[in-house]
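S.K.: Need a 3D model of the sequence below.
(2 chains)
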Amino acid sequence: EAQVTQNPRYLITVTGKKLTVTCSQNMNHEYMSWYRQDPGLGLRQIYYSMNVEVTDKGDVPEGYKVSRKEKRNFPLILESPSPNQTSLYFCASSQTGLSYEQYFGPGTRLTVT
Amino acid sequence: DAKTTQPPSMDCAEGRAANLPCNHSTISGNEYVYWYRQIHSQGPQYIIHGLKNNETNEMASLIITEDRKSSTLILPHATLRDTAVYYCIVRVVPGGYGGSQGNLIFGKGTKLSVKP
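M.R.: Have a look, this model is predicted:
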């Protein structure tokens, strides 16, 4: 089954404790991206990757890092999480950046205290 | 990308057609209309897209006006499982490798409530 998976689905952590949210897709897609969703602000893109070793900033990249060492994986790294990064995070993938359909993961709800 | 305007909420009776409008009066010639939906905090799901002709797939129909300034998503027989927030998005033509154009700009969408 074609899918995007994220782990963990729920995470509660404390300020400053480094964490990684993993994202994996099984569709051999070149394009992957991360969004965060906050009430009243909608979904906003954090980072995207057009292919292995090619990443770039989205609209709200501050406080986040990403890497794309393999085509299927695109982890989101918060090196020193802060409470304003409490949010619902989605990973998405598509064949290319302009493909008509993007596939979204189930989401990771992160709470930073 | 052109801006879209959607009503914040709509109700629909189960089994009836749900017609969700979207205004995109500043759409340019190389921009498609896309619809996604998000069921209660799940990941957004692609529904359909179109340029200027009406489109239909197994999920929905998309009607785009001749001047392309507005469109309507039609769910022909709405079920309770169609209760979701529906997003109308306008973006450039598919193809190529994108990059920053891969960023989907989600507005506030329309919250559709399908009632028994």
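S.K.: partners of the spatially most central residue of chain B in the sheet?
M.R.: What sits nearest the mean C-alpha location of chain B, by CA atoms, centre = their mean, is B:Trp35, with 2.7 Å. The partner list for B:Trp35 in beta bridges (DSSP bridges) reads B:Ile48, B:Cys88.
S.K.: Likewise for A:Trp34?
M.R.: Residues in beta-bridge contact with A:Trp34 (DSSP bridges): A:Tyr47, A:Cys91.
S.K.: gap between it and A:Glu79?
M.R.: Look at A:Trp34 and A:Glu79: by CB to CB, to the nearest Å, they are 15 Å apart. (C-beta placed from N, C-alpha, C; glycine too.)
S.K.: quick one: which of the two has more around it?
M.R.: Higher neighbour count among A:Trp34 and A:Glu79: A:Trp34, with 27 against 12, using other CB atoms under 10 Å in any protein chain shown.
S.K.: And the pLDDT for the residue nearest to the centre of chain B?
M.R.: In this model, B:Trp35 is scored at 96, pLDDT.
S.K.: can I assume it is in contact with B:Ile47?
M.R.: Yes - taking contacts as CB atoms under 8 Å, B:Trp35 lies within contact range of B:Ile47: 4.3 Å.
S.K.: what touches both of the two?
M.R.: B:60, B:73, B:86 (CB atoms under 8 Å, 6 or more residues apart in numbering or on different chains).
S.K.: Drop anything exposed from the residues you listed.
M.R.: B:60, B:73, B:86 (16 or more other CB atoms under 10 Å in any protein chain shown).
S.K.: who's in contact with the second one?
M.R.: With contacts defined as CB under 8 Å, 6+ apart, B:Leu73 is in contact with B:19-20, B:22, B:35, B:47-48, B:60-62, B:86, B:88.
S.K.: Can you tell me, leaving aside adjacent residues, what's nearest to it?
M.R.: B:Leu20 (4.4 Å; CB to CB, 6 or more residues apart in numbering or on different chains).
S.K.: check contacts around that neighbour.
M.R.: B:6, B:10, B:35, B:72-75, B:86, B:88, B:110, B:112.
S.K.: Looking at those residues, which one is closest to chain A?
M.R.: B:Trp35 (10.9 Å; CB to the nearest CB).
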